[in-house]
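[1] Show me how the following folds:
(chains A and B)
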Amino acid sequence: MAHAVAHEHDHNKSYLEVGRSIWGWLTTTDHKKIGIMYLFTIMIYFAVGGISALLVRLELIAPGKTFFSPDTYNVLFTLHGAIMTFLFIVPGIPATLGNFLLPLMIGAKDVAFPRINLASYYVYLIGSFISLVSLLSPADTGWTFYAPYSMKTNGLVVWLTLGAFIMGFASILTGFNFIVTVHRMRAPGLGWSNLPLFVWALYATAIIQLLATPVVGMNLVLLIFERVLDIGIFNPAKGGDPILFEQFFWFYSHPVVYIMILPAFGVVSEILPVFSRRPIFGYKAIAYSSLAIALVSFLVWGHHLFVSGMSDWARYIFSFLTFFVAVPTAIKIFNWLATLWKGSLEITATPMYYTLGFLFMFTIAGLTGLHLAVLSTDVYLHDTYFVVAHFHYTMQGGTVFALIAGLHYWFPKITGRWYNKKVAFWGWLILFVGFNATFLPQFLLGLEGMPRRYFDYLPHFQTWHLVSTIGSWFNGLGYVIVLTNLLVSAFTGEKAEANPYNALSLEWQTSSPPPETNFITTPTFPASIYDYGTEGKEEDTSKTKKAV
Amino acid sequence: MFEWFVDSASTIAPQVNIVMNLVNFITGLAFILTNAALVYFIIKYRRRKEGEITSRIDQNHTIEVIWTVIPSIILTILFVIGLKDFRELRAAGQNYKEIMVSAKQWAWEFTYSTDSDLIQSPKKIKTDNVLYLEENERVKLIMKSKDVIHSFFVPEFRVKEDVVGNIYTYVTFTPLISQRQATMTDEERKAWYQITQDQKEIIPQVEDQCKKVQEKYGINLPAGTCGSYRIFCTEYCGKDHSYMLGSAVVLKKDQFLQLMNKLKEEQGKIVVSAEYGKEIYEIKGCKSCHSIDGSKVVGPSFKGIWGKPRKLADGRVVTVDENYITRSILEPTIEVAEGYPNIMPPQDLNEEQIQSVIEFIKSLNK
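    Numbers count the residues shown, from 1 in each chain, chains lettered A, B, ... in the order given. Predicted coordinates:
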């Protein structure tokens, strides 16, 4: 494929060789460097959130007080939830891989507003620092800040929520930047129906970021007012309505689940066709179902309030709508499976077995959602470990697995080097086994009726708690291996070529790592960027367009 | 099978079991089919050599319509099935007894209706952390919180609903004595109600309450006349959320009436005493925040405070006497001790109970 290796001998400097000083990094407007700064920052927070999760699991190894006091335990699970949600997974894939790849994938030099992109990083960083000020007297509200407990408790709840409020602006800035970039910066001739599905996913995500984030911002500001000025919006002792807080909160925090998972869908849709050497099945269905999910996600928040005291009629309607967010998700899974059908699957490729692991875990995540959408079974399972297991299968088994699959897939592009493939495999295996050993038992605990956020539990729940805690050690160990491997390999790995997978999308049509301006010569792309599997056949040049 | 995980002790429980098993079956089947396809494709289509010919098919309207329509139909059916039982779960019907439930950090209080011919009492009967129910008698629990949000959950009854501060919420069900409770051997009972030594001090109310009813009230309970189930708080409510547990005890009609009369008697002849004050301290949730050994928990310790001056958050200094303690119980937000958070909810204790708490605090000076 001549066009794939056109820039092999490029003598232009890569983006990593330009502005190498610390100041150069901190003041860069290069979307690639901003993506990497985001990646490092969220990974540090991921480690902090992960350690607090391991401590939570450690306390639960046996009934009774084992290592911590109830107050410390409550702080630990709050830290875990708040850090993983606001500091890690909301910026997550869009701010890291999205930032790095979006302009490359559409043949642009940068995002539409490079300086706003940098501003988004600093807004995020400042917000995260402000929320960490709360560690001086940590909050114990849970990441959901439910009123009126969040009015009454002692910790620095205001700092934590103020930080989350500020980080919301980073999310909004990234979202609107991406929307403008996709609309205005595509290479000439690159139509909407030829965009990578990762771009579609980022676009749908950006819409949610733009529309939902202001609502949680408003809600958090009201909570701060309530705590500081005692005005009585949510506190029933002052005539307020605590369920109103839940409504506002989930109006954002349900769509935010799709901010987390849609980009993961995008990553999966990129990786599968490349390593199956066949066109993605149902391009349009996948692209439009992302938009459908973005839309329907705004209409289902009420399922978090099925036992809240909300009116019964609202419960019926939200249950019905919740089932309908499952349809586009199911369609995506079927499309991915159909992409494997009659392909040539390179199952030994690291990104591929991560993605196949994603498919396994995400079917569990999606299907267990149905137990929670059915009203009569949700009443039983609501706020039990079943829910905890369900959303960890979505967030960790889904989003984090896809993030790591994506990091491996684009690693040669980002660093110009290869990771150690053997270590990557063992890391994956330990991670996969550890994750499932941690969270499968939690489904069983939920079916037994074990409530969540419990510091202590009745002894008959112990068996599965013990298994889950032991699993969590392997889960943690897996991350240490995988992420250390990537970090070390970024400096010492073997050199990688520009397009090691013979991929067709535009980010592979430039050198690895790319030059600062992304492309030296005009990139070319085929009429369909998922037109895999034509190797060995004569190249049909009429199908190749040239971008200007 | 859902019944393997949890006992069924209400008339709606078997119906919920059927729905749960159906959902498990459908999702289990979908899981097996998709993952069987996944594994089959991985094995069958794994790459054996470079440059293999692969399928060019990237869309097929028929199959796409099929895999959109079939899940939609299945999901609609699931919605309808879930809705049907949910409506039954929420409908109290015509004949039911009301029980008022009051939740606070971290205790439950139950107030029974005493309009029955057989239980006539000038004062309403109240119990703490243990709910007594008559078998086969529909009840509606009308619930409100005194502070933060709690949630009432009894797995065996399959009911759950949040308990909120500004509105009354409810659960309704017809309790039964489950087959398992009726046929458990003594060893099995012991094993099921086994809790740790620490837990015995903090949450004695989750031990076998059938045994307790026999021992404390001398009511004879032959096999099959009593079932004791745990109540859980399922909405995070702070420090002792995981200890906000209770028991729901289901009794046959005869035994239930005997017990209610005993309770009426007991509550009628309560006398003011430090011992009763200690009991109030333990069952009304005071002990979660106030120690009696001088250590600081959430609020001030009770040890050695009687008659001593107490500095308030607004700078005033008051003496800890009958009036101060009474005000601190009934209107705790007005005179808050300096250095402590203003979070205690008002406690509705009656005159005897307040006096007993005062006697108890006095006794701690010795």
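[2] ok, residue 359 - how many residues close by?
    With no chain named, the answer covers chain A. The local packing of A:L359 (other Cβ atoms under 10 Å in any protein chain shown) involves 21 other residues. C-beta coordinates here come from the backbone N, C-alpha and C atoms, glycine included.
[3] That was the other one, I meant chain B.
    16.
[4] contacting residues around the residue lying closest to it once chain neighbours are set aside?
    Spatially, and ignoring its direct neighbours in sequence, B:E359 is nearest to B:A274 (4.2 Å; Cβ to Cβ, 6 or more residues apart in numbering or on different chains). The contact partners of B:A274, by Cβ atoms under 8 Å, 6 or more residues apart in numbering or on different chains, come to B:356, B:359-360, B:362-363.
[5] what's the closest of these to chain A?
    B:F360 (24.7 Å; Cβ to the nearest Cβ).
[6] Wait, a helix at that closest one?
    Yes. Counting by DSSP: H, G, I helix; E, B strand; the rest coil, B:F360 is located in a helix.
[7] Setting aside sequence neighbours, what's the nearest residue to it?
    Going by Cβ to Cβ, 6+ apart, B:F360 has B:G277 as its nearest residue, at 2.8 Å.
[8] repeat for B:L251
    B:L251 sits nearest to B:C226 (Cβ to Cβ, 6+ apart), 5.4 Å away.
[9] count of neighbours near B:I142?
    The burial count for B:I142: 17, using other Cβ under 10 Å.
[10] a strand runs through it, doesn't it?
    Yes. B:I142: assigned to a strand according to three-state DSSP.
[11] Which helix or strand contains the residue most central in space within chain A?
    Nearest to the mean C-alpha position of chain A, by Cα atoms, centre = their mean, lies A:M260 at 3.8 Å. Taking DSSP states H and E as the definition, A:M260 sits inside helix A:255-276.
[12] ranges for the strands of the chain?
    Chain wasn't specified; assuming chain A. Here chain A has its strands, by DSSP state E, at A:524-526, A:544-546.
[13] Not quite, go with chain B.
    Going by DSSP E, chain B shows strands at B:97-104, B:107-112, B:126-128, B:130-134, B:139-145, B:150-154, B:159-163, B:169-173, B:226-233, B:246-251, B:309-311, B:317-319.
[14] could I get the ones you listed as a markdown table with mean pLDDT and distance to A:T29?
    Below are those laid out as a markdown table (pLDDT from 0 to 100; distance: least, Cβ to Cβ, whole Å):
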| stretch | mean pLDDT | distance to A:T29 |
| --- | --- | --- |
| strand B:97-104 | 93 | 55 |
| strand B:107-112 | 92 | 58 |
| strand B:126-128 | 91 | 64 |
| strand B:130-134 | 95 | 64 |
| strand B:139-145 | 94 | 52 |
| strand B:150-154 | 97 | 49 |
| strand B:159-163 | 96 | 48 |
| strand B:169-173 | 96 | 53 |
| strand B:226-233 | 96 | 51 |
| strand B:246-251 | 96 | 60 |
| strand B:309-311 | 89 | 57 |
| strand B:317-319 | 88 | 62 |
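[15] right, so of these, which gets closest to A:L407?
    Closest approach to A:L407 among the strands of chain B is made by strand B:150-154 (39.5 Å; Cβ to Cβ).
[16] So what are the sheet partners of the closest one and their directions?
    strand B:159-163 (antiparallel), strand B:226-233 (antiparallel) (DSSP bridges).
[17] the inter-axis angle of that strand versus strand B:169-173?
    Taking axes from the mean of the first three to the mean of the last three Cα atoms, to 10 degrees, one finds strand B:150-154 and strand B:169-173 inclined to each other by 0 degrees.
[18] Dump strand B:150-154 to CSV, restricted to CA.
    What follows is strand B:150-154, C-alpha atoms only, in CSV (Å, rounded to 0.1, in the frame of the first residue of the first chain):
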residue,chain,number,x,y,z
HIS,B,150,-32.8,6.3,54.5
SER,B,151,-34.3,3.3,52.7
PHE,B,152,-36.4,0.5,54.1
PHE,B,153,-35.5,-2.9,52.7
VAL,B,154,-36.5,-6.4,53.7
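[19] hmm, who's touching it?
    Here strand B:150-154 makes contact (Cβ under 8 Å, 6+ apart) with A:307, A:383, A:449, A:451, B:101, B:103-104, B:108, B:141, B:143, B:159-163, B:171, B:229-235, B:237, B:244, B:248.
[20] got a list of what A:P242 touches?
    A:146-148, A:234-236, B:149, B:164-166.
[21] Output those residues as TSV; include the columns pLDDT and distance to B:N35.
    TSV is the format used below for those (pLDDT from 0 to 100; distance: Cβ to Cβ, whole Å):
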residue	pLDDT	distance to B:N35
A:Y146	93	37
A:A147	87	42
A:P148	90	45
A:F234	92	44
A:N235	89	48
A:P236	88	47
B:I149	95	39
B:V164	94	41
B:G165	91	46
B:N166	90	47
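[22] Among those residues, the buried ones, what's the ChimeraX command?
    Paste this into ChimeraX to select the buried members of the contacts of A:P242, with burial taken from 16 or more other Cβ atoms under 10 Å in any protein chain shown:
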select /A:146,147,148,234,235,236 /B:149,164,165,166
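[23] nearest to B:Q194, of the contacts of A:P242?
    Of all the contacts of A:P242, B:I149 has the smallest distance to B:Q194: 30.7 Å, by Cβ to Cβ.
[24] can you pull the contacts of that closest one?
    With Cβ under 8 Å, 6+ apart, B:I149 has these contacts: A:146, A:148-149, A:242, B:162-165, B:235, B:237.
[25] contacting residues around the residue nearest to the centre of chain A?
    Here A:M260 is in contact with A:89-90, A:92-93, A:394-395, A:399 (criterion: Cβ under 8 Å, 6+ apart).
[26] try 6 Å this time
    Applying Cβ atoms under 6 Å, 6 or more residues apart in numbering or on different chains, we find A:M260 in contact with A:89, A:92, A:399.
[27] can you check A:L220 too?
    For A:L220, the contact set (Cβ under 6 Å, 6+ apart) comprises A:161, A:164-165.
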